[in-house]
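# Compute the structure for the input listed below.
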Amino acid sequence: MSETNFLPGTYTHQPQNGSVSWRSPSNIALVKYWGKHVDQLPKNTSVSFTLSNCFSETTMQYRKKDGAGYDFEVYLDEKREEGFEPKIGQFFDRIKNYLPFLEQYAFRIDTSNSFPHSSGIASSASGMSALALCLMSLEREFMGGELSEEKFKNKASFLARLGSGSACRSIDGPLIVWGEHPDIEGSSDLFGIEYPFDVHPNFSNYRDTILLVDKGEKQVSSTVGHGLMKNHPYAAVRFEQANKNITRLIDVFRNGNLDAFIEIVESEALQLHAMMMTSLPYFILMKPNTLEVIDRIWQFRNDTGSKVCFTLDAGANVHVLYPDSEKEVVTSFIGSELTQFCKNGSFIDDKAGTGAQSL
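Numbering: from 1, shown residues only. Predicted structure coming up:
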């Protein structure tokens, strides 16, 4: 499949005005995407859990207008956010060939998050995927509803990727693969797909408690971090290792081997941050309390035999992953041992979810 598959079909309807709304979740990568090329294409395959409680809700109001050019305003929690608008304008530039109606309408984009902004949770993933879904709902209306669910989701994921790479993994769930991989038929660099193989019951309703170690803005943005992989001395080895870990996870998901899952997921998190620490310029996004949490998790697992583990995104906060069968014991451990390392004791209790919802 190529980009030409996402060029628009025939528009048979053009409403004067209206409104569409979507709720789209964030996601947490198990095998990490870090390094891209061309138009937000990944240098390696990634796989993620779609989250449930961490989401963005976006309403897009539209009305027909005269004249060329974009006309839109962005509101966060009902407050105009002009600082967000250049990124949306850039997004529109990237997708205008696939949605030619963008210059024919004026838009008001209202969005809100169920989690704190700049808390280290991927709001770009949830926000951009929600916006892409709103735009696809409008295109489906233009086509008189003549758009299959598969094509709708694939194009939404394709568009979301052009806004934020990881956003393409927030359309469906609970497990999403992004990036072409020889062992996964149908996988693509252009959009995310639902993980196509058997998954052991051990991974049903998998839990993710997100410890908000630091709520500040990251010192280095993910966009800059991805760019630093272009001349990174270990980049090629990293991309190869990530793809090997995808192959390993296929067996792990099938047989339910949680020890192997822990090994892959934690090593992936640490490799991600190792790439940051060995780039030029180098940087560290983990905080002292990040390391304290990791050490406590290792100690607890060693003492109890628990299958709890951690992963990290490009930030200081820790995602504590554990099977649903351990919810009670791990929740108690988090409350007694880990929340002391969170900013004001803040954390978010979440779990793997099924993807975006029309509102």
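
# how about the strands of this protein, start to end?
Along the chain, counting by DSSP state E, strands occupy 17-31, 36-37, 41-42, 46-64, 71-76, 79-80, 105-113, 175-178, 192-194, 207-211, 309-312, 318-322, 347-351, 357-358.

# by contact count, what packs against the second one?
This points to strand 36-37. Helices and strands touching strand 36-37, as assessed by 3 or more C-beta pairs under 8 Å, 6 or more residues apart in numbering; DSSP states H and E, are absent. Where C-beta positions appear, they are placed from N, C-alpha and C, glycine not excepted.

# contacts for that strand?
Pro42, Lys43, Gly165, His226, Met229 (C-beta atoms under 8 Å, 6 or more residues apart in numbering).

# Quick check: Lys218 vs Asp183, distance?
33 Å (C-beta to C-beta, to the nearest Å).

# Leu272 too?
22 Å.

# Could you do Glu85 as well?
For Glu85, the distance to Asp183 - C-beta to C-beta - is 41 Å.

# Looking at these two, which has the bigger crowd around it?
Taking other C-beta atoms under 10 Å, Glu85 and Asp183 do not tie; Glu85 has more neighbours (15 against 12).

# Please name the spatially closest residue to the more buried one (chain neighbours excluded).
Val74 (5.2 Å; C-beta to C-beta, 6 or more residues apart in numbering).

# same question, Tyr62
Tyr105 is the one closest to Tyr62 (C-beta to C-beta, 6+ apart), at 4.6 Å.

# dump the residue contacts of that neighbour.
Tyr62, Arg63, Lys64, Lys65, Asp71.

# Now with 10 Å, please.
With contact set as C-beta atoms under 10 Å, 6 or more residues apart in numbering, Tyr105 has these partners: 14-18, 60-65, 70-72, 138.

# next one: Ala156
Counting by C-beta under 10 Å, 6+ apart, the residues that Ala156 touches are 22, 24, 129-137, 139, 167-168, 170-172, 191-192, 356.

# likewise Ala29?
With C-beta under 10 Å, 6+ apart, Ala29 has these contacts: 46-49, 122, 125, 166, 169, 176, 178, 242, 265, 268-269, 272, 311-314, 319.

# at 8 Å what do you get?
So Ala29 contacts Ser46, Val47, Ser48, Ser166, Arg169, Glu268, Thr311, Asp313 (C-beta under 8 Å, 6+ apart).

# how about the residues you listed in TSV, adding neighbour count?
Output for these, formatted as TSV (neighbours: other C-beta atoms under 10 Å):
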residue	neighbour count
Ser46	27
Val47	28
Ser48	29
Ser166	30
Arg169	34
Glu268	22
Thr311	23
Asp313	25
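
# Can you lay out these as CSV showing pLDDT and distance to Glu3?
Compiled in CSV, the contacts of Ala29 are given as follows (pLDDT from 0 to 100; distance: C-beta to C-beta, whole Å):
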residue, pLDDT, distance to Glu3
Ser46, 98, 20
Val47, 98, 23
Ser48, 98, 23
Ser166, 95, 19
Arg169, 98, 19
Glu268, 98, 29
Thr311, 98, 31
Asp313, 93, 28
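
# Under the pLDDT cut-off, which ranges of the stretch 101-250 of the chain? List them.
Scanning the stretch 101-250 of the chain for pLDDT under 70 picks out the ranges 117-122.
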